[in-house]
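Q: the following block contains a protein sequence and its predicted model.
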Amino acid sequence: MQLWNKGFEPDRMIEEFTVGNDRELDMLLARYDVQGSLAHIKMLESIGLLTADELEVLTGGLNEIAAKIECGEFAIAPGVEDVHSQVEFMLTERLGDVGKKIHSGRSRNDQVLVDLKLMMRESLRDIAKATAQVFESLQSLSEEHKDVLMPGYTHMQIAMPSSFGLWFGAYAESLVDDMQMLVAAYNVADQNPLGSAAGYGSSFPLDRAMTTRELGFSSMHYNVVAAQMSRGKTERAASMAIASIASTIGHFAMDVCMYMCQNFGFVSFPDEFTTGSSIMPHKKNPDVFEIMRGKCNRLQALPNEIALLTTNLPLGYNRDLQLLKDIIFPAVSEIIKCLDMCAFMLGHIRINRDILSDSKYDYLFTVEDVNRMTLSGVPFREAYRTIGMQVQNGEYKPTRQVSHTHAGSIGNLCTDAIHEKMKILLDKIGVNIL
Ligand code: ARG
């Protein structure tokens, strides 16, 4: 039975095709749907569309449904189209005709939108928390190993000295940039679309400021058409933030895979964090970072997928938008899984403290030696040529002294300043870090 049933049953194949796996995905929206309805009926009472008694009865009914959702007893029945219909059916079944009044002045179009906004706010916060955990691990590893040098590469050729402090710290600061995207996505989500109804508002004198306050939104989408346009845009902004984090974590995963390779041997993990081969008895593979890299690479396709789904849609609601849930919901849990796994693995990473004593890394120090000569008064180009000729003639002997002091360099990581940038961003969305 559909909310829109007018006396004929839709063809079963049509029903199945259009509903797809929406019932399953809508289960994740259930608690937000009830939250939105609670705010909506409070507002309906304030403008005289419900009596105080009706409000009380409906609020009680919705709270009962909320309790069922929390304890896992809520389900969307097979013949019911979506979560919005299920909640309305349950209310009407339990409370009779008063249940039928709840939908005045709204449409499932703004209902699903408000559910999504509420959910995205929370999901983005969850992603921020998981990101903050990785950030903190990276920062403490960076400080712990700030004196341990490692090779830095350009063009995949040995270039200049780097350090574990720089390496871990680089990914921490890169996550700060991703957090900028996430906070922006949060701000897009944090606006009330309720009251836009089917997409063109309502002739009821809806108090949209009241539902904005009730639902704790910082602002509202004022223009009702703009509110509807935010379906797709909200998910797109969130997907950009997710893709941005995924690019950082995927990049880090690639480094770890490479650094675990015997030809590098920069980092390792206890045996139980590696995987084996069915044929080669010696193998200790970095599968966890390969899966992380693969998942993160897939997540970077999200903004494209959403762009393709939503580009050139006619203005107003179109059912295509339903499919957004299928893209964004699994993406939220995938990125959190990757972040959690990354934080977990960072807790067990072992680093090679003696990489640079191998003579194959001697050339890392050429720039150090050029700079030392320059500081003692030799013009830079001359010093460069002297060391260059020593290398060319096989006579170069590195001094192996590294002294970097400027902001952000090996000897001055600015960990606290980076932490402060992250803290300011997280504060904006109510997430605390130490
Ligand atoms: N399941 C639908 C969605 O996610 C709910 C809105 C349905 N609206 C409609 N006009 N058919 O978009």
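A: Yes, it's here.

Q: quick one, helices of the stretch 201-350 of the chain?
A: 208-214, 224-260, 287-299, 302-310, 324-346 (DSSP state H, counting those that start in this stretch).

Q: which residue packs closest to whatever residue of the stretch 301-434 of the chain ends up closest to the ligand, ignoring adjacent ones?
A: Shortest the stretch 301-434 of the chain-to-the ligand distance, computed as CB to the nearest ligand atom: residue-wise this is Gln322, at 3.6 Å. To be clear about C-beta, it is placed using only N, CA and C from the backbone, and glycine gets the same treatment. Closest residue in space to Gln322, ignoring its immediate chain neighbours: Asp22 at 5.9 Å, by CB to CB, 6 or more residues apart in numbering.

Q: residues contacting the one you found?
A: By CB atoms under 8 Å, 6 or more residues apart in numbering, Asp22 lies in contact with 81-82, 322, 325.

Q: biggest separation within these, which pair?
A: Maximum pairwise distance among the contacts of Asp22 (CB to CB): 13.8 Å, between Glu81 and Lys325.

Q: what about Leu149, how many neighbours?
A: Neighbours of Leu149 under the rule other CB atoms under 10 Å: 22.

Q: and what of Val431?
A: Using other CB under 10 Å, Val431 has 22 neighbouring residues.

Q: ditto for Met345
A: With neighbours defined by other CB under 10 Å, the count for Met345 comes to 20.

Q: what of Thr18?
A: The burial count for Thr18: 12, using other CB under 10 Å.

Q: what separation do you get for the closest residue to it other than its chain neighbours and Gln86?
A: Distances taken as CB to CB, 6+ apart put Arg319 closest to Thr18, at 6.8 Å, once the chain neighbours are dropped. According to CB to CB, to the nearest Å, Arg319 stands 18 Å off from Gln86.

Q: neighbour-wise, which of those two wins?
A: Gln86 (22 against 7).

Q: quick one: that one from Asn304, how far?
A: For Gln86, the distance to Asn304 - CB to CB - is 33 Å.

Q: ok, now Val367?
A: From Val367 to Asn304 the distance is 40 Å (CB to CB).

Q: cool, and Ala77?
A: According to CB to CB, Ala77 and Asn304 sit 36 Å apart.

Q: could you do Gly79 as well?
A: 36 Å.

Q: how about the strands in the stretch 301-434 of the chain?
A: With DSSP state E, counting those that start in this stretch, the ranges of strands along the stretch 301-434 of the chain come out as 350-351.

Q: excluding chain neighbours, what is closest to the residue in the stretch 1-150 of the chain that the ligand sits nearest to?
A: Residue of the stretch 1-150 of the chain nearest the ligand, by CB to the nearest ligand atom: Arg108 (3.9 Å). In space, and not counting its chain neighbours, Arg108 is closest to His84: 4.8 Å by CB to CB, 6+ apart.

Q: count of neighbours near the one you found?
A: 25.

Q: touching, it and Asp110? I think so.
A: No: His84 is beyond contact range of Asp110, at 10.4 Å (criterion: CB atoms under 8 Å).

Q: picking up where we left off before, which helix or which strand is home to the residue nearest to Arg108?
A: helix 83-95 (DSSP states H and E).

Q: any idea of the pLDDT on Glu16?
A: Looking at Glu16, its pLDDT is 91.

Q: hang on, it in a helix?
A: Yes: assignment of Glu16 by DSSP: H, G, I helix; E, B strand; the rest coil places it within a helix.

Q: start at 441, not 1
A: Okay, using 441 as the starting number, the last item reads as Glu456.

Q: neighbours around it, how many?
A: 10.

Q: gap between it and Lys765?
A: Using CB to CB, Glu456 is found at 17 Å from Lys765.

Q: then Gly488?
A: For Gly488 relative to Lys765 (CB to CB), the value is 35 Å.

Q: who has more neighbours, those two?
A: Higher neighbour count among Gly488 and Lys765: Lys765, with 22 against 9, using other CB under 10 Å.

Q: name the nearest residue to that one, sequence neighbours excluded.
A: By the measure of CB to CB, 6+ apart, the closest residue to Lys765 outside its immediate chain neighbours is Leu465, 4.4 Å from it.

Q: is it true that the one you found touches Asp766?
A: Yes: here Leu465 reaches Asp766: they are 6.5 Å apart, a contact under CB under 8 Å.

Q: what about Asn703, neighbour count?
A: 6.

Q: more neighbours, Val807 and Asn744?
A: Using other CB under 10 Å as the criterion, Val807 and Asn744 rank with Val807 on top: 14 against 11.

Q: how about Ala572, nearest residue that isn't a chain neighbour?
A: Counting by CB to CB, 6+ apart, the residue nearest Ala572 is Ile873, at 5.0 Å.

Q: what's the distance between Thr499 and Val538?
A: 11 Å.

Q: what does Asn549 give?
A: 24 Å.

Q: show me which residues of the stretch 541-690 of the chain sit near the ligand.
A: Applying CB under 6 Å from any ligand atom, one finds that the stretch 541-690 of the chain approaches the ligand through 548-549, 552.
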